[in-house]
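J.: give me the fold of what follows.
(2 chains)
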Number of protein chains: 2
Amino acid sequence: MAKVAIMGFGTVGSGVYEIIRTNAGKLAQNAGDTVELKYILDIRDFPDHPKKELFTKDFNDILNDEEVTVVAEVMGGLHPAYEFTKSLLLAGKSVVTSNKELVATYGTELLEIARNKNVNYMFEASVGGGIPIIRPIHQCLTANNITKIAGILNGTTNYILYQMITNGKSFDTALKNAQDNGYAERNPAADIEGHDACRKIAILASLASREAVDYSDIPTEGIVGITLDDVKYASELDCVIKLIGYAEFMDGKVYSIVAPMLVKKTDPLSGVNDVFNAIKVTGDCVGDVMFYGAGAGKLPTASAVVADIVDSVKHKVRSKKFTWYKPETDIMAGKDAKKFEYFIRTGDSIENVKKSFGEITHTDSISAGELAFVTRPLTASEVEAKSKELSDIMTCIRILD
Amino acid sequence: MAKVAIMGFGTVGSGVYEIIRTNAGKLAQNAGDTVELKYILDIRDFPDHPKKELFTKDFNDILNDEEVTVVAEVMGGLHPAYEFTKSLLLAGKSVVTSNKELVATYGTELLEIARNKNVNYMFEASVGGGIPIIRPIHQCLTANNITKIAGILNGTTNYILYQMITNGKSFDTALKNAQDNGYAERNPAADIEGHDACRKIAILASLASREAVDYSDIPTEGIVGITLDDVKYASELDCVIKLIGYAEFMDGKVYSIVAPMLVKKTDPLSGVNDVFNAIKVTGDCVGDVMFYGAGAGKLPTASAVVADIVDSVKHKVRSKKFTWYKPETDIMAGKDAKKFEYFIRTGDSIENVKKSFGEITHTDSISAGELAFVTRPLTASEVEAKSKELSDIMTCIRILD
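T.: Numbering: from 1, shown residues only, chains lettered A, B, ... in the order given. This is a model prediction of the structure:
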């Protein structure tokens, strides 16, 4: 019998509890051993819970119990999740997590401890909620060199953009709807400024390259500046605007960015609506594959956590497979390593635009007194320099290639 | 060092050769052992091939070579692929395959032999080409009861329907284009009559239920009867027509069908264009997840075959995980176990339609003298009986729910 513990009895934690309770037979069959929940750690009281005897407020109960071999850390936040996880791994217990912030920030160190202690540190639920992505990326990797990853990694911003695109709602109204529906926090900064997507693409890029990509090295733009006019222009160009977490692997270096991008309607990412997430992975042999599903939510996320629990019970050491290492040199390609076409709106004259940008593709203007156009592929520095030569830039958005 | 053989040097076989040759280092790293190609079996001569010494026309060279532990069967067809595979498994060698016809027809027996001999019989490439689907389904299964699978499993028919939908081409023209582009065989029956998709959904349903689903028990309709008017009506209903392989799991029974269906534009399957494939899997916890990619082609399919080779080298026995068993009783739910809404076109009167079908939803008619409508959810027997009461039915297509 494998004894496990849950740390954090919030949305995901209660989902993990529910799946372990209702699917016990199936889990035992797949893990090759019964999975018994021994502790639930939470600072709050749950006096009416049918299994109230499982609850503890003392982390040491779990840490010092030799019977407990796998712990699900679903408390979120950096501290004390980091200290708890480190102690558990050092004590020879496997840890599975949905905590993308922790994985993106301390993953490299925690994975190294897990390798040294011959235990697992698994994080399928940290990206894309219930979408199987960590294992499929590894499987793709087996026979492919992964060349690119482009993902819709944040459900809140996708919901907001979808409302703008489909229902013509303004950004502010769409954000308020998202908050009213429980899709966005009262303080939505982590979502709408792109920080959440940034942590997730850092995890995927680290996994694909097997070298730690520091999320703080990834330029990150949110969707706050996107207007309904931008959305309409995008539609004229047969595109939709999506917040994209992007990574490209080039000659041992990683180029990565998080930004709103125009996604062509022929791209399968363009059809990912509402709060759904999708990750498109490009391999040199397989071409584009895409993984789609609910990127958040109680049971979807919990089912990914439980899959990791089962895998940890079954295979004492998996971390060697799903891991990455601290790079010996700087692996980040510079911001100019990748060229994008840009969609630009300006109040300046066509003469000035042509003087700065040379060959461009026009788009019909929606408002009088402005010019909308698409550039040829440019580096970030090029577009910055050229834009400075114009008197007025309203919008400047990359086009996903 | 793991010595492997390829049987069949056609499109997929040469792709497998190419990946093994060019990605040797990566494969060794992932397999934990170098992978060396020792034989290529083909009845044809390749006198100018740079590795012509690897070619043999004698299957016994592979069978009797104790050094060969993994064989890729990419010859296609039932015979002699079946006899060869059986002999290899009985001799204690693992076999990996892209041969959906063989897996769907003899998979149950071959998987049983593999289990008994403690070797692998793996078939990731048999469904969805390079899309990782067999392993993700298994992973989804860990914490979920899979309730439904709906897939676009045949690239040829998806290409034809996409040409009809997007470019207004007739079925015949679109089929000819598909043939000219090498997407369809000169004899396209296996694709356009749905038999290829039928074998693939049988494999997925078997894997999800762990009990053999016989493809000959799955009612199969192709896309031959689909007209441009049907496509236009579908668009009016905010749908597109796709050939869907469908399986639903209900109380230990499996309901399965292959048929063209109206897919709502809000369904992620609706955006799967061109020759691409996608499989949507619904789990009781995770909800809908979808896996998308190239369903055929040399390198995509070969990369899935190579992933299986690597897995077989690494894990001597995986078949226990990716397997199914001969059921002890009939597991097929009857054709009336599942209700669909139907889209129907008739030349009969509205009075007769209402007398037969009761409550219906009208659609604007495209041609004079016909009536187009959507029924409430009905069983197959119900829709057959009601249709018989009408004098003239042009179209009767299920709507995917």
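J.: for stretch A:76-85, buried residues please.
T.: A:Gly76, A:Ala81, A:Tyr82, A:Phe84, A:Thr85 (16 or more other C-beta atoms under 10 Å in any protein chain shown). From N, CA and C alone the C-beta is placed, and that goes for glycine too.
J.: now it: how far from the chain's centre is it?
T.: 19 Å (C-alpha atoms, centre = their mean, to the nearest Å).
J.: please, which helix or strand holds the residue lying closest to A:Gly225 once chain neighbours are set aside?
T.: Residue nearest to A:Gly225 in three dimensions, not counting chain neighbours: A:Thr395, with 7.5 Å by C-beta to C-beta, 6 or more residues apart in numbering or on different chains. Taking DSSP states H and E as the criterion, the element that holds A:Thr395 is strand A:393-399.
J.: cool, and A:Ala197?
T.: Per DSSP H and E, A:Ala197 falls inside helix A:195-209.
J.: show me what the next helix or strand after that helix is packed up against.
T.: Sequence order places helix A:228-236 as the next helix or strand after helix A:195-209, per DSSP H and E. Contacts defined by 3 or more C-beta pairs under 8 Å, 6 or more residues apart in numbering or on different chains; DSSP states H and E place helix A:228-236 against helix A:155-167, strand A:239-250, strand A:341-346, strand A:393-399.
J.: may I see the buried residues of helix A:228-236?
T.: Going by 16+ other C-beta under 10 Å, helix A:228-236 has these buried residues: A:Asp229, A:Asp230, A:Val231, A:Lys232, A:Tyr233, A:Ala234.
J.: gap between the nearest residue to the second one once chain neighbours are set aside and chain B?
T.: With sequence-adjacent residues excluded and distances taken as C-beta to C-beta, 6+ apart, A:Asp230 is closest to A:Thr395, at 5.4 Å. Plainly put, A:Thr395 is 26 Å away from chain B if you go by C-beta to the nearest C-beta, to the nearest Å.
J.: can you count the residues close to the residue nearest to A:Asp214 when sequence neighbours are not counted?
T.: With sequence-adjacent residues excluded and distances taken as C-beta to C-beta, 6+ apart, A:Asp214 is closest to A:Ala202, at 7.0 Å. By other C-beta atoms under 10 Å in any protein chain shown, the residues close to A:Ala202 number 28.
J.: wait, A:Ala202 touches A:Val213, no?
T.: Yes. Between A:Ala202 and A:Val213 there is a contact under C-beta atoms under 8 Å: 4.9 Å.
J.: now for those two: what residues contact both?
T.: Taking C-beta atoms under 8 Å, 6 or more residues apart in numbering or on different chains as the contact rule, A:Ala202 and A:Val213 both touch A:Ser256.
J.: all helices for chain A, in order.
T.: Assigned by DSSP state H, the helices in chain A fall at A:11-22, A:24-31, A:59-63, A:81-90, A:100-117, A:134-143, A:155-167, A:171-180, A:189-192, A:195-209, A:228-236, A:298-314, A:350-357, A:380-388.
J.: chain center to the second one, what's the gap?
T.: Helix A:24-31 sits 29 Å away from the centroid of its parent chain (C-alpha atoms, centre = their mean).
J.: quick one: the residue nearest to A:Gly225 from A:Ser206, how far?
T.: 32 Å (C-beta to C-beta, to the nearest Å).
J.: with neighbour numbers in mind, choose between these two.
T.: Taking other C-beta under 10 Å, A:Thr395 and A:Ser206 do not tie; A:Ser206 has more neighbours (26 against 18).
J.: re earlier: okay, the helices of chain A in TSV with mean pLDDT and distance to B:Val263 next?
T.: Shown next, in TSV, are the helices of chain A (pLDDT from 0 to 100; distance: least, C-beta to C-beta, whole Å):
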stretch	mean pLDDT	distance to B:Val263
helix A:11-22	96	30
helix A:24-31	87	30
helix A:59-63	98	47
helix A:81-90	98	42
helix A:100-117	97	33
helix A:134-143	82	24
helix A:155-167	96	18
helix A:171-180	95	27
helix A:189-192	96	30
helix A:195-209	97	29
helix A:228-236	96	22
helix A:298-314	94	22
helix A:350-357	95	41
helix A:380-388	96	39
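J.: any chance of JSON lines for these, columns distance to B:Ala189?
T.: Formatted as JSON lines, these follow (distance: least, C-beta to C-beta, whole Å):
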{"stretch": "helix A:11-22", "distance to B:Ala189": "45"}
{"stretch": "helix A:24-31", "distance to B:Ala189": "40"}
{"stretch": "helix A:59-63", "distance to B:Ala189": "61"}
{"stretch": "helix A:81-90", "distance to B:Ala189": "57"}
{"stretch": "helix A:100-117", "distance to B:Ala189": "49"}
{"stretch": "helix A:134-143", "distance to B:Ala189": "32"}
{"stretch": "helix A:155-167", "distance to B:Ala189": "41"}
{"stretch": "helix A:171-180", "distance to B:Ala189": "49"}
{"stretch": "helix A:189-192", "distance to B:Ala189": "51"}
{"stretch": "helix A:195-209", "distance to B:Ala189": "41"}
{"stretch": "helix A:228-236", "distance to B:Ala189": "41"}
{"stretch": "helix A:298-314", "distance to B:Ala189": "40"}
{"stretch": "helix A:350-357", "distance to B:Ala189": "54"}
{"stretch": "helix A:380-388", "distance to B:Ala189": "53"}
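J.: quick check: the residue lying closest to A:Asp274 once chain neighbours are set aside vs B:Leu141, distance?
T.: Counting by C-beta to C-beta, 6+ apart, A:Tyr162 is the residue found nearest to A:Asp274 once chain neighbours are left out, at 5.5 Å. According to C-beta to C-beta, A:Tyr162 stands 30 Å off from B:Leu141.
J.: close to chain B: what parts of the stretch 51-200 of chain A are there?
T.: The interface of the stretch 51-200 of chain A toward chain B, taken as C-beta under 8 Å from any C-beta of the partner chain, is made up of A:Gly130, A:Ile131, A:Pro132, A:Arg135, A:Pro136, A:Gln139, A:Cys140, A:Leu141, A:Thr142, A:Ala143, A:Asn144, A:Asn145.
J.: from those, pick the one nearest A:His195.
T.: Closest to A:His195 out of these is A:Ile131 (20.2 Å), distances taken as C-beta to C-beta.
J.: so what's that closest one closest to, chain neighbours aside?
T.: In this structure, A:Ile131 finds its nearest non-sequential neighbour in A:Gly293, 3.9 Å apart by C-beta to C-beta, 6+ apart.
J.: next one: A:Leu378
T.: The shortest distance from A:Leu378 to any residue other than its chain neighbours is 5.8 Å, reached at A:Lys339 (C-beta to C-beta, 6+ apart).
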